[in-house]
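Engineer: sequence and computational prediction follow.
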Amino acid sequence: MKIKKDLINLLDEVIENKKYSNLQLKYIFDNNTYNKKEKAFLNNMLNVTLKNLIYIDYAISKLARSVKRKTRQILRLSIAQLIYTDADDAGVIYEAVELGKEENVFQANFINSFLRNFEKNKKDIYDLAPDHIKISYPLWFYEKVKNQFGEDKYIDVLNRYKGKSFFSVRVNHNNLSKDDFLDLLKLVDSEILWNVSDVYYLNNNNILKTKAYLIGDVVIQDGSSLLVVDMLSPKETDIVLDVAAAPGGKSLAILQKYRPKKLIATDIHEHKVKILKEFEKDYLNFEAKLADGRTFSEGIYDKILLDVPCSGLGVLTKKPEKVYEIDLKIIKAIKKLQKKIFDNTYTLLKQGGEMVYSTCTILENENTNNVSYFLEKYKDLEVVDYEFPKDVIVIKDEFGGNLISYENKYLDGFYMIKFKKK
């Protein structure tokens, strides 16, 4: 029963207290002795519940007017199990009632009555639900995706970002050769599912127990994130700027794979800059600075990586709660911030220099629409074409920007475009 209690607390922290699901899950794993099977159950049920939260809450609203906070988490978890897993229905209800008893007998009785009523009426509840609720997306996002991707593709897009996330690592092949990496995978009983550039998608996370991970030769990173760095592709003679760099995955990839003459990484958050500064111990060509991307004015750079703060709607397989925290008003504010950061960063790019603008969102508001603004305002910017690995599917916009397609099974939904200042 402890595992269910932890799940209830996880849901409460993520949904009610707006904590990041991946960080909360890590905290639970780090502070308990759950085995591999139990960890998989925790991870799966947290994600299943979060990914289907709008429909689950809709179902609750059809059968109850007022539900206490903890009881609501119990119902959310139980409905997720009843609908989206093959768990024994009677067992799910029994455990929910037992959890309710820890509150009081009234709550236990309410939970029992509610779940049995739900079992009888779940087909009717589903049949009457609007389409966007059935798939658990806010109406504004559902309509945005439908308008952007079209009648024949939008359902596939929506389903893709409710799908499974995959564990991936980047390997520093300067220190760990491909052959040695493959030998390491054999030792920890891991297999490669797919790979792009120096990123490998694995069937488990056993590699996190190895020395190679502890010393930084293996780093958790998504392929889309590294493709942004590969698009920038700095030379060893380049002075490079990474704006809004925290938590530092792309900075580290630049340092390890491309070894530029100098890399300056900035971020507006002091606690994040402290993390970035850890890299200074191992890389003499690296410097982290506390700075606002809208006002930072030190230096002129050969290459700039501008992975701007965004809505994060391309990483929903990893952070499903993101879509519930964003609305069009917030996106409008984010877009305004992105333009201000670009306007300032543009002044730091030398003539003949190159800059990659990227986001981890799929919506054109923060991507194509912003690029239109950039090219209209800065006539000396030209788009540089980039050839992606042959098995990476991209959707090109009218300006030559690239959205990592929903058709890629493993990759997050990043947008990226490369500019050159003439």
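Structural biologist: Great, that's in hand. Numbering: from 1, shown residues only.

Engineer: now do the SS call for Pro389.
Structural biologist: Three-state assignment for Pro389 (DSSP: H, G, I helix; E, B strand; the rest coil): coil.

Engineer: mind listing what the closest residue to it other than its chain neighbours touches?
Structural biologist: Leaving aside its sequence neighbours, Pro389 sits nearest to Val196 (C-beta to C-beta, 6 or more residues apart in numbering; 5.6 Å). (Each C-beta comes from the backbone N, C-alpha and C, glycine too.) Remark: with contacts taken as C-beta atoms under 8 Å, 6 or more residues apart in numbering, Val196 is in contact with Gly223, Leu226, Leu227, Pro389, Asp391, Val392, Tyr410, Leu411.

Engineer: dihedrals phi and psi, the fifth one?
Structural biologist: Note on Asp391: its backbone torsions stand at phi -100, psi 10 [degrees, to the nearest 10].

Engineer: so how far is Gln148 from the closest residue to it other than its chain neighbours?
Structural biologist: Spatial nearest neighbour of Asp391, chain neighbours left out: Val196 (7.3 Å); criterion: C-beta to C-beta, 6+ apart. From Val196 over to Gln148 the distance is 25 Å, taken as C-beta to C-beta, to the nearest Å.

Engineer: ok, Lys420 next?
Structural biologist: As defined by C-beta to C-beta, Lys420 lies at a distance of 28 Å from Gln148.

Engineer: quick revisit: which pLDDT value goes with the residue nearest to Pro389?
Structural biologist: With respect to pLDDT, Val196 scores 98.

Engineer: quick check: beta-bridge partners of it?
Structural biologist: With DSSP bridges as the criterion, Val196 is bridged to Val199.

Engineer: show me the chain divided up by domain.
Structural biologist: The chain breaks down by the TED database into domains covering 1-136, 167-220, 230-421.

Engineer: can you give me how far the longest one is from the chain middle?
Structural biologist: The chain centroid and the centroid of domain 230-421 are separated by 15 Å under C-alpha atoms, centre = their mean, to the nearest Å.

Engineer: that one spans what distance, first to last residue?
Structural biologist: Terminal residues of domain 230-421 lie 19 Å apart, using C-alpha to C-alpha, to the nearest Å.

Engineer: then the shortest one?
Structural biologist: Domain 167-220 has an end-to-end distance of 8 Å (criterion: C-alpha to C-alpha).

Engineer: ok now that domain, how far from the chain's centre?
Structural biologist: For domain 167-220, the distance to the chain centre is 20 Å (C-alpha atoms, centre = their mean).

Engineer: repeat for stretch 85-92
Structural biologist: The chain centre lies 30 Å from the centre of stretch 85-92; the measure is C-alpha atoms, centre = their mean.

Engineer: enumerate the positions of it that are buried.
Structural biologist: Of the residues in stretch 85-92, those buried by neighbour count under the rule 16 or more other C-beta atoms under 10 Å are Val92.

Engineer: also stretch 217-234?
Structural biologist: Along stretch 217-234, the positions that meet the burial threshold by neighbour count (16+ other C-beta under 10 Å) are 217-219, 221-232, 234.

Engineer: which one of those is nearest to Phe118?
Structural biologist: Asp222 (36.9 Å; C-beta to C-beta).

Engineer: got the contact list for that closest one?
Structural biologist: Listed by C-beta under 8 Å, 6+ apart, the contact set of Asp222 reads Ser168, Val199, Val315, Leu411, Asp412.

Engineer: could you rerun that using 6 Å?
Structural biologist: Contacts for Asp222 were tallied using C-beta atoms under 6 Å, 6 or more residues apart in numbering; they are Ser168, Asp412.

Engineer: for it, what are phi and psi?
Structural biologist: With angles defined as degrees, to the nearest 10, Asp222 shows backbone torsions of phi -90, psi 150.

Engineer: try Val384
Structural biologist: Dihedral angles phi and psi of Val384 (degrees, to the nearest 10) take the values phi -100, psi 130.

Engineer: and the nearest residue to it once chain neighbours are set aside, what are its bridge partners?
Structural biologist: Among residues not flanking Val384 along the chain, Lys418 sits closest, at 4.2 Å (C-beta to C-beta, 6+ apart). Note on Lys418: beta-bridge partners Val356, Val384, judged by DSSP bridges.

Engineer: number of nearby residues for Lys418?
Structural biologist: Other residues within reach of Lys418, judged by other C-beta atoms under 10 Å, total 22.
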